[in-house]
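Visitor: test case, fold it:
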Amino acid sequence: MNAVAPADGGGAWLACGASVTGSEHRRRGLGCDDAYSYGIFGDFLVAAVADGAGSVTGTSAWGAFVACRGILKDAMDPDFVDRYRTGSTDDAQQLMRSLFARALQRVHRQAAAMGMDVMLLSTTLCVGLADRNLATFAQIGDGIIATERDDEIATMLIERKDEYANTTSFLQSERALDDSLRTACCAGVTAFALSTDGMSYKITDVATGDAYQPFFRGSWQHLRSGAEPQRFEAMLDNIEDDQTGDDKTMVLAALGQLSSGTPAETMRWAHSGPPGAGTDSGGSVPSAAIDDLGEAAEPVPVGAHNWWRRWRK
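Guide: From the prediction side, this is the model:
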């Protein structure tokens, strides 16, 4: 579990994330097409989840991975963090839009490196940014965003389906940044969750999009009480699949209390590993060591399809 205390000694952002392969993918011998990332820098937090298109399973996992890793790299840059902390709500939404634009550029470069049409890497993308004063959310696609404010739990930025209920928008869709990117800013957020749609039947009312409050309340409570990340992955894996048998991915974040001894400006992060790597990545470094996050700008070499499923602290 990656967490760090803000310098004022108050509540700290806590976070954990996991992704598990859906039962239908397992039955067909396929890997997980979802990805996630999150990072904490003082009182600043970024989180992302992405769901590679099932119609191009396998290659779409690369789009999801590259998008999430790129969001993490760009948002954890100290200049980006400073601009977010000192900017207005309009500034925050522009910063969020810039993250999506750069993520799209990275996916295009990955597709070119793989010699593939970018639509074969089609992915949704759902992102949250927060400090102690403001939270900003955005998504393209059918992810789930739930927030806790004044002890009230609600979903936001729900994708409204047309007559084709099983369709969604992707980061690579035509004019997606102009027509499909939905953003919102809100103050007073004390917890949030980002999820791909693989658990929508379990954690929301699919007719209205409303949050199933006991799930989120209990999950944030476990996070605040110090539950191990491995238990969170096991919990996702044990949630009975809906009729789709889809992959399940979630990042939880909540303000809570840490034990003493955590340096206030340590940078901590985690992200799912590339398809075929077999491991997730995470760590912590002094705030000056931003380069230790790794260079997300370069396309990732594609290895054998030995798909990852394991969480690592």
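Visitor: pLDDT weak spots in this protein?
Guide: Filtered on pLDDT under 70, the chain yields the residue ranges 1-10, 25, 161-166, 240-245, 259-265, 276-313.
Visitor: in it, where's the longest helix?
Guide: helix 89-114 (DSSP state H).
Visitor: buried sites along that helix?
Guide: 92-93, 95-96, 99-100, 102-104, 106-111, 114 (16 or more other Cβ atoms under 10 Å). C-betas here are computed from N, CA, C, even on glycine.
Visitor: closest one of those to residue 79?
Guide: When the buried residues of helix 89-114 are ranked by distance to residue 79 (Cβ to Cβ), residue 95 comes first, at 10.6 Å.
Visitor: what sits against that closest one?
Guide: 80, 83-84, 87, 129, 136 (Cβ atoms under 8 Å, 6 or more residues apart in numbering).
Visitor: and residue 188, by the same measure?
Guide: With Cβ under 8 Å, 6+ apart, residue 188 has these contacts: 149-150.
Visitor: circling back: just the contacts of residue 95: which are in helices?
Guide: Short answer: the contacts of residue 95 in helices (DSSP H) are 80, 83-84.
Visitor: which one of those is nearest to residue 175?
Guide: Using Cβ to Cβ, the ones in helices among the contacts of residue 95 come closest to residue 175 at residue 80, 25.3 Å.
Visitor: hmm, the closest one is touching residue 73, no?
Guide: No - using Cβ atoms under 8 Å, residue 80 is not in contact with residue 73; the gap is 9.8 Å.
Visitor: neighbours around the nearest residue to residue 111 once chain neighbours are set aside, how many?
Guide: Spatially, and ignoring its direct neighbours in sequence, residue 111 is nearest to residue 118 (4.1 Å; Cβ to Cβ, 6 or more residues apart in numbering). Other residues lying near residue 118 total 18 when counted by other Cβ atoms under 10 Å.
Visitor: now do the one 4 residues further on
Guide: Neighbouring residues of residue 122 were enumerated by other Cβ under 10 Å; the total is 27.
Visitor: circling back: next one: the longest helix of the chain to chain centre, how far?
Guide: 14 Å (Cα atoms, centre = their mean, to the nearest Å).
Visitor: residue contacts, the residue nearest to residue 111?
Guide: Taking Cβ under 8 Å, 6+ apart, one finds 63, 107-108, 111, 172 in contact with residue 118.
Visitor: just the element for the residue nearest the centre of the chain, please.
Guide: Centroid-nearest residue in the chain, with Cα atoms, centre = their mean: residue 48, separated by 2.0 Å. Using DSSP states H and E, residue 48 sits within strand 44-51.
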